[in-house]
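# my questions are about this predicted structure, shown below with the sequence.
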Amino acid sequence: MPNRQQTAIGTAVGALAGFMLGRATSNLQTKRILGSNYKWMSSQERRVARSLISHGHDHVFKAWPKAGVNDDAKRRLLTAAATYLSGAGGSLEAERLSVLSPPVPDKQSKLLQTHDDSREDSYYWLRDDERKSPAVLSYLKAENEYTAAAMADTKQLQDELYKEMRARIQEADTSVAARYHGYHYYTRTEEGQQYAVHCRRAVPQGSGPPGESDEPSPDQPEEVLLDENRRKTEGKHSFYMVGECETSPNQQLLAWTEDTVGGEKYTLHVKDLTSGKELMTPIPGTSGDVMWANDNNTLFYIVKDHLDRPHKVLRHNIGQQGDDQVVYEEKDEAFYVGIGRSHSEQLLYIHSGSAVTSETSYLSADNPTGNFTVILPRTQDVEYSVSHHPGSNSSSGGGSSGSGGWFLMVYRDPSKPNSELRVAPVDDPSQQKVLLPHRDDVKLEHASVGAKWIVVSERSRAQQSVVIYRVPEGGAVPESLTDGQKVEFEEPAYSLSGGLTGDFDSQVLRLRYSSLTTPPSVYDQRMDTGMVQLEL
């Protein structure tokens, strides 16, 4: 005796019998799409399935479980489909989704103990930092397949949106160049390629100092430093990302870090830019940060701990044998470590910071085997950042505590939540002088110093601004900051950031600007003349 679903299907199929004659789908195609489910269907159910496929609704059967799984839900879907095709209306979506079986991860008990606290995590096994676990990869594949099946009815719309958005992207594009040590450095992207190409062109002989209209000369040959597309293709990587790409101080070597797995652990490479030859065995498992010393042979990099926390700084000499030396290790798990060179190119920094506390150490870039010196000892709820000026004596110095010059310091503590700007001698950073006191209505966000200019980024009444001040003649320590030039735009609300670009003695301020009516733009301003040019 036929059940209700089969009776409903029979009635609806009779109504659409003539409707599907002109667009018949072969049994072979129907069998291929339905797989093992074809066998249990009645002839009427198969006719409904063929009709759906003929009229472009084959997504209804995408990711159907094998025969014997959710068969009742499948029959309900076919009943609703027969009604829909007969012209009676209705929707198939709820019935279609009821057929699908979302993957359910296994529970594998694991006890985690931290800070004298114990908790059980049944899904800890899904953490796979190496991205290699067959079980995790299999589960993720099942999740992706389920998502694709659930969204199958929107596949055409997805493709249309993708094409429309991609059509609005200028794939062949070039970044604004930065002039540095006799070269213009920039990146570009090519049509149909996903990754950047890092390039440079030499600054022509006899060129004047950098200005707001400075740009690479097309008469100078382009030198490709690193082609990310080529690296990905030649390495046959399914994933590729560059962390940092840094030339040596003499501009003859290139150090870069790359992640080819997606786990945010980078491999450090170094090559000779003249020959293209790699100069050392790649170093895996770094955080992606890299820093050159001034000898063009010593590199500093960071590795991560078991929590994926950047915590240890090591020193490597190109061509050396044996293990690299650890120069700093952060043992407090609340603190993350970073490294960087001063804009003056005389100091190397190690930064360690938590959510509300920071500490910075420095070392002469000319003395990479020396010991790093703490600028201000760590104090809970105190944060500071520094920028270095060599002072009236611009020589590099020869030691970690005798580099000379002064620090420009952004300093925040609980009594100064908006931060204040201070200056302190490198030889004794505890002897600080306030240049811009704390203000209740102005947040001091960042400050940096070049040979002749100090650039301060502020925020007041939710609006960002950039203010520039002159450094005293000869690079002397500033006694105060007055007559600042505020960079302003006419729109009532916008996003603005600015910083020094190029060599330490450059007088070019690079501004990044956008608003609700202005797309992201880059301006260069000559600070001594005030001349501005839109670069991008």
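Arrived safely, thanks for sending.
# residues touching the helix ranked longest in the chain, excluding its own?
The helix that spans the most residues within the chain, counting by DSSP state H, is helix 134-150. By Cβ atoms under 8 Å, 6 or more residues apart in numbering, the residues outside helix 134-150 that reach it are Lys62, Ala63, Leu97, Leu100, Ser101, Pro102, Pro103, Pro105, Trp125, Leu126, Asp128, Arg131. In this view, the C-beta of every residue, glycine as well, is placed from N, C-alpha and C.
# show me what counts as buried in stretch 434-442.
Leu435, Leu436, His438 (16 or more other Cβ atoms under 10 Å).
# pick out the most distant pair among the contacts of helix 134-150.
Leu97 and Arg131 (30.3 Å; Cβ to Cβ).
# residue contacts, His438?
By Cβ under 8 Å, 6+ apart, the neighbours of His438 are Ser415, Lys416, Asn418, Ser419, Glu420.
# tell me which of the buried residues of stretch 434-442 is nearest to Asn70?
His438 (65.6 Å).
# could you point out which element follows the helix or strand where Ser419 lies?
Using DSSP states H and E, Ser419 maps to strand 416-425. Sequence-wise, the next helix or strand downstream of strand 416-425 (DSSP H and E) is strand 433-436.
# quick one: strands adjacent to that next one?
Note on strand 433-436: by DSSP bridges, its sheet partners are strand 416-425 (antiparallel).
# surely Arg179 is in contact with Asp503?
Yes. At 7.2 Å, Arg179 counts as touching Asp503 under the criterion of Cβ atoms under 8 Å.
# overlap in contacts, the two.
In contact with both Arg179 and Asp503: Pro210, using Cβ under 8 Å, 6+ apart.
# looking at the two, which is more packed in?
Between Arg179 and Asp503, counted using other Cβ atoms under 10 Å, the more crowded position is Arg179 (21 against 18).
# and the more buried one, its phi and psi?
phi -90, psi 120 (degrees, to the nearest 10).
# what about it, distance to Pro204?
12 Å (Cβ to Cβ, to the nearest Å).
# equivalent analysis for Val224, please.
Distance from Val224 to Pro204, by Cβ to Cβ: 19 Å.
# next helix or strand past the helix or strand hosting Ser51?
When elements are assigned from DSSP H and E, Ser51 belongs to helix 43-54. Downstream of helix 43-54, the first helix or strand assigned by DSSP H and E is helix 71-83.
# how far off centre is that next one?
46 Å (Cα atoms, centre = their mean, to the nearest Å).
# buried stuff in the helix or strand following it?
Heading C-terminal from helix 71-83, the first helix or strand you meet, by DSSP H and E, is helix 93-99. Across helix 93-99, burial judged by 16+ other Cβ under 10 Å covers Glu95, Arg96, Val99.
# what's the pLDDT at the second one?
Looking back up the chat, that one is Arg96. pLDDT, Arg96: 91.
# could we number from 842 for the rest of this?
Sure thing, new numbering starts at 842, so read that last one as Arg937.
# quick one, what contacts the closest residue to it other than its chain neighbours?
Nearest residue to Arg937, sequence neighbours excluded (Cβ to Cβ, 6 or more residues apart in numbering): Val901, at 5.4 Å. Applying Cβ under 8 Å, 6+ apart to Val901 gives the contacts Leu893, Leu918, Ala922, Leu933, Arg937, Ala993.
# list the residues that contact the first one.
For Leu893, the set of contacting residues under the criterion of Cβ under 8 Å, 6+ apart consists of Asp899, Val901, Phe902, Ala922, Leu926.
# if you set the cut-off to 10 Å instead, what comes out?
861, 866, 871, 874, 899-902, 918-919, 922-923, 925-926, 933 (Cβ atoms under 10 Å, 6 or more residues apart in numbering).
# just the third one next, same as before
Taking Cβ under 10 Å, 6+ apart as the definition of contact, the neighbours of Ala922 are 850, 853, 886, 889-890, 892-893, 898, 901, 931, 933, 936-937.
# what do you get if the cut-off is 8 Å, keeping everything else the same?
Val889, Ala890, Ser892, Leu893, His898, Val901, Leu933, Glu936.
# distance of the fifth one from Ala890?
I take that to be His898. Applying Cβ to Cβ to His898 and Ala890 gives a distance of 10 Å.
# and for Ala921?
13 Å.
# is there a neighbour count for the residue nearest to Ala1265 when sequence neighbours are not counted? I'd like the number.
Excluding its sequence neighbours, the residue lying closest to Ala1265 (Cβ to Cβ, 6+ apart) is Gln1273, at 4.4 Å. Counted with other Cβ under 10 Å, the neighbours of Gln1273 add up to 17.
# I'd say Gln1273 and Arg1263 touch.
Yes. Using Cβ under 8 Å, Gln1273 is in contact with Arg1263, at 4.5 Å.
# between those two, what contacts are shared?
Met1250, Tyr1252.
# what about the closest residue to Asp947 other than its chain neighbours, which SS state?
Distance criterion Cβ to Cβ, 6+ apart; nearest residue to Asp947, sequence neighbours excluded, is Trp966 at 7.6 Å. What DSSP: H, G, I helix; E, B strand; the rest coil gives for Trp966 is helix.
# let me know how buried Trp966 is, in neighbour terms.
17.
# what about Val1307, helix or strand, and which?
Counting by DSSP H and E, Val1307 is found in strand 1304-1311.
# that strand: which residues count as buried?
Applying a neighbour-count criterion of 16+ other Cβ under 10 Å, the buried positions in strand 1304-1311 are Gln1305, Ser1306, Val1307, Val1308, Ile1309, Tyr1310, Arg1311.
# ok, now which ones touch the fifth one?
For Ile1309, the contact set (Cβ under 8 Å, 6+ apart) comprises Trp1294, Ile1295, Val1296, Val1297, Gly1325, Gln1326, Val1328, Leu1350, Met1368.
# what's the nearest residue to it if we skip its chain neighbours?
In space, Ile1309 is closest to Gln1326, 5.0 Å off (Cβ to Cβ, 6+ apart).
# what do you get for the second one?
When the adjacent residues along the chain are set aside, Ser1306 lies closest to Glu1299, with 5.2 Å between them (Cβ to Cβ, 6+ apart).
# confirm the one you found sits in a strand?
Yes. The assignment for Glu1299 is a strand, going by three-state DSSP.
# measure it to Val1167 for me?
Taking Cβ to Cβ, one finds Glu1299 at 39 Å from Val1167.
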